[in-house]
Structure formats: structure tokens, C-alpha cells
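1. Below is the sequence, then the predicted model.
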Amino acid sequence: MPDQSLSDRGLWVRRSGSGDRVLVLLHGMGANGAVWSRLLPILDSRWSGRVLVPDLRGHGRSVHQGPYGIDTHAADIAALIAGEAARSVVLVGHSFGGAIAALAASDRFGVPAQHVIAIGVKIRWSEDEIARAQEMAQRPARSFSTREEAIERYLKVSGLSGLADPASEAAAEGIVGGPGAWRVAMDPGAFAAVGPSVPAVLRSCAAPLHLAAGENDPMVTLDDM
């Protein structure tokens, strides 16, 4: 069972393993660190070091407080790693988490990463998509009368519909509240982070950057990468 605690900047972090090699797993927009839960038992036998799995600012159990932006997220991750006395660091991020990982490992934020692995990062954003995200950031959080409705909304917002079991830990961690007042465990304001040029963010990475995507990934194609 991973240790869980708040970082100095208010990030809820799941920690496991030991040693001075650190692997950091970053989830995508709308999700939380529990999306990596099925991978952790595998890493127990394949990774000789520590594993850090934070909830990003505005997500899950982390502080729901802006300002939101990819720079703020990268600064949060850089501060988290700076407090870990790590000899080597590998950053793995899914979707928006991949862009954060790349920026955290840039000269601006200085995470001394040996490798950055960015999975399924949406590289091309249309003006309409950015405008919709900014509009969503202004909306109040929606409440749902049933837990099932809230989970359905969480899976849609996080892009996990059809990928995560609604009965899974990852789904349960994605909602908060109680009967008649369930909601997604995310501050809608976090959508304000959508907007910066993703190709420029990826190019800023000072560490070896590995881009990956599934052949049926709806967010990015091999041609995009």
C-alpha cells in the first residue's frame, strides 16, 4: 500500500519504493493519480527505486486553488522532486501530464530528468477546442444525484470512457460528495491550463524525450508526432 501525503505546494502524492532513483507518474487533464494504480504492482518488481504519483493541482485530493496553467503545474512538480534528494529522475506523463513532464524537465524549471516519456499527448489544438476549454474553466462544478452519474461524467471529462471500469478504484477516486450531491473531483478552473503551444512545450524539454501513442489513440496520431 503506497504512503500518501500532501506536498509543500498542496499536491496529494502516493509514494512507494525506496532508494535515490525516482519515477514520477503524471496523469492527464481531468483525471487523478489513481489512473496508474494497476501499474504500481508491476513497478514493484521492475523498478528499483521510488515511485511518486501526484494528483495535479485542481485534481483529486490536491489543493483546488489557482492560478492554473501549465507553468504552475510544472513548478509544482519541480518543487516536489527538489524535496526528494533524487540521484536520477524519470518522468512519465499521460496526455496533459506528458506536456507537464516535458516542461518540468526544461531549463526553465530544471528537473534533472534522465528521460521523459510522454504518452498520448494531444499536440494539435484548434482555436475552437481551446475556446471550449476556456469556457469550461468558467463554469461551476456540476452536481449529480447519483454516484453512477458522477462517475460517468468523470470518465468523460478525463477521457477514460471505455478505458476504465466504472467500478474501479480509478473511477471511485474521480468523484467526491455524497447522496444527491456527487461531483467530479476536479476544479473546473483547471481547464484554463489548456492553450499554450504544445509543440513548443515539448521542444523545450532538455532531457531525452520519448513520445508514444496507441494505434487507436483518439487524441494523437503518429503523423502528429
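-> Here it is on my side, so go on.

2. how close does residue 105 sit to residue 155?
-> Residue 105 sits 30 Å away from residue 155, going by Cβ to Cβ, to the nearest Å. For every residue, glycine as well, the C-beta is placed using N, CA and C.

3. more neighbours, these two?
-> Shown here are residue 105 and residue 155; by other Cβ atoms under 10 Å, residue 105 has more neighbours (29 against 24).

4. show me the contacts for that one.
-> Residues in contact with residue 105 (Cβ atoms under 8 Å, 6 or more residues apart in numbering) are 91, 111, 113, 116, 205, 206, 207, 209.

5. repeat that with 10 Å
-> 74, 77-78, 81, 89-91, 111-116, 204-209 (Cβ atoms under 10 Å, 6 or more residues apart in numbering).

6. From residue 144, how far off is the residue nearest the centre of the chain?
-> When the chain is reduced to its mean C-alpha position, the closest residue under Cα atoms, centre = their mean turns out to be residue 27, at 2.4 Å. Per Cβ to Cβ, residue 27 is found 22 Å from residue 144.

7. what does residue 26 give?
-> For residue 26, the distance to residue 144 - Cβ to Cβ - is 27 Å.

8. So between the two, which is more surrounded?
-> Comparing residue 26 with residue 144 by other Cβ under 10 Å, the one with more neighbours is residue 26, at 28 against 19.

9. doesn't residue 90 make contact with the more buried one?
-> No. Using Cβ atoms under 10 Å, residue 26 makes no contact with residue 90, being 11.4 Å away.

10. got any residues that touch both of the two?
-> With Cβ under 10 Å, 6+ apart as the test, residue 26 and residue 90 both reach residue 101.

11. next structured bit after the helix or strand of the chain with the lowest mean pLDDT?
-> None of the helices or strands of the chain scores lower by mean pLDDT, DSSP states H and E than strand 3-6, at a mean of 78. Scanning forward in sequence from strand 3-6 by DSSP states H and E, the next helix or strand is strand 12-17.
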